[in-house]
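[1] I would like to see how this sequence folds:
(chains A, B and C)
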Amino acid sequence: MPELPEVETTRRGIEPHLLGHLLTGAQVRQPLLRWPVPPALSLKAPGRRVLAVERRAKYLLIRLDRGTIIIHLGMSGSLRLIPSKTPPGPHEHVDLLFGARCLRLRDPRRFGAVLWSDDDPLSHPRLAGLGPEPLGPAFDGDYLHWAGKSRRVAAKALIMDQRVVVGIGNIYANEALFRAGIHPGRSSGRISLERYARLAEAIKKVLECAIQQGGTTLRDFVREDGRPGYFVQSLQVYARTGLPCLRCGGAIREERIGQRSSFFCPSCQR
DNA sequence: AAATTCTCCTGAAGGC
DNA sequence: TGCCTTCAGGAGAATT
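    Residues are numbered from 1 along each chain as shown, chains lettered A, B, ... in the order given. Model prediction:
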């Protein structure tokens, strides 16, 4: 599932191919994604040039000389760069054409989105109100401690709340909590500043490491050239139910916490 | 007000 | 073998 590392991997993959290029067309075969693809995409994007390819949270921002295309990969989305004449396969809903080259969105479960912003994309309703970037300077143990104090939500739910900090989904939440030695179900208000500092560091580490490996491919995610991400080999708890903890050898446990599958070592994580 | 539940969708996995 | 049911998951909306 695309989380921050997968989106950043995609951004880095497509940026050099799009920067400065003219968007020659936008074809929408299936507009019913998480939200309907706005007509503005097809009406306003063609004829514009790409000024920048950025990421905010799990959103990709393709900034044009007028307007910005906003793309979210949902949980099964991926973007490929292919020749424009390539016939579309199943679930390939949207094409952004750049002459002979095409940026194609495939999203079997259609939880993704393609949006349009006329002016500042960061003010778009979907992006306004997002928390700080976990790899940015505003995110540290002090901040997390502040955000979690006097709250009773599970630590895992706290760091997956995009209003608290962005980009962390189920996989990396599990991994970061393991690395920090914090039980995913622990109440947010009952974690010391010191442990929050460890957690913030663990989050940064695990995200940076995953970006270096090109993200995590479980099922659908591929990079712009079709290669998978290799961080799956570095997962220490996610989907390792019953397998030995890499730290103490005990069995990894799986429980549902906050409506999500959670994986943890009951002796290493408190 | 905060926390939980529901919702969208499809492919995979499990049951019989 | 194959059909039917169940479930995961990002994140906004609805509900408690």
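[2] switch to C-alpha atoms for all contacts and neighbour counts from now on
    Will do.
[3] low-scoring stretches of the stretch 1-150 of chain A, by residue?
    The model of the stretch 1-150 of chain A has no residue with pLDDT under 70.
[4] ok, which stretches of it are helices?
    For the stretch 1-150 of chain A, the helices defined by DSSP state H, counting those that start in this stretch cover A:4-18, A:39-44, A:141-148.
[5] how many other residues sit next to A:Ala154?
    Applying other Cα atoms under 10 Å, we find 20 other residues in the vicinity of A:Ala154.
[6] And it, how far from DNA strand C?
    Separation of A:Ala154 from DNA strand C (Cα to the nearest atom of the strand, to the nearest Å): 15 Å.
[7] What residues are recorded as beta-bridge partners of that residue?
    Listed by DSSP bridges, the beta-bridge partners for A:Ala154 are A:Ser187.
[8] same question, A:Arg106
    Beta-bridge partners, per DSSP bridges, of A:Arg106: A:Ser78, A:Glu92.
[9] give the contact list for it.
    For A:Arg106, the contact set (Cα atoms under 8 Å, 6 or more residues apart in numbering) comprises A:77-80, A:90-94.
[10] Any of these buried? List them.
    Neighbour counting with 16 or more other Cα atoms under 10 Å marks A:77-80, A:92-94 as buried within the contacts of A:Arg106.
[11] farthest-separated two in those residues?
    With Cα to Cα as the measure, no two of the buried ones among the contacts of A:Arg106 lie farther apart than A:Arg80 and A:His93, at 12.0 Å.
[12] gap between the two ends of stretch A:161-171?
    14 Å (Cα to Cα, to the nearest Å).
[13] picking up where we left off before, could the buried ones among the contacts of A:Arg106 go into CSV alongside distance to DNA strand B?
    Listed next are the buried ones among the contacts of A:Arg106 as CSV, based on distance: Cα to the nearest atom of the strand, whole Å:
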residue, distance to DNA strand B
A:Gly77, 11
A:Ser78, 14
A:Leu79, 16
A:Arg80, 18
A:Glu92, 11
A:His93, 11
A:Val94, 15
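[14] so which of those comes closest to DNA strand C?
    Nearest to DNA strand C out of the buried ones among the contacts of A:Arg106 is A:Gly77 (Cα to the nearest atom of the strand; 9.8 Å).
[15] Neighbours of the closest residue to that closest one other than its chain neighbours, how many?
    Residue nearest to A:Gly77 in three dimensions, not counting chain neighbours: A:Asp107, with 4.1 Å by Cα to Cα, 6 or more residues apart in numbering. A:Asp107: 24 surrounding residues under other Cα under 10 Å.
[16] returning to that earlier point: would you mind finding the most buried of the helices of the stretch 1-150 of chain A?
    helix A:4-18 (a mean of 21; mean count of other Cα atoms under 10 Å).
[17] Do it and DNA strand C come into contact?
    No: using Cα under 7 Å from any atom of the strand, helix A:4-18 stays clear of DNA strand C, coming no nearer than 8.6 Å.
[18] contacts for that helix?
    Contacts of helix A:4-18 (Cα under 8 Å, 6+ apart): A:50, A:52-55, A:57-60, A:73, A:79, A:81, A:98, A:166-168, A:207-208, A:210-211, A:214-216, A:221, A:223-225, A:229.
[19] Buried subset of these as a PyMOL selection?
    Selection of the buried residues among those in PyMOL, burial being defined by 16+ other Cα under 10 Å:
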select buried, chain A and resi 50+52+53+54+55+57+58+59+60+73+79+81+98+166+167+168+207+208+210+211+214+215+216+221+223+224+229
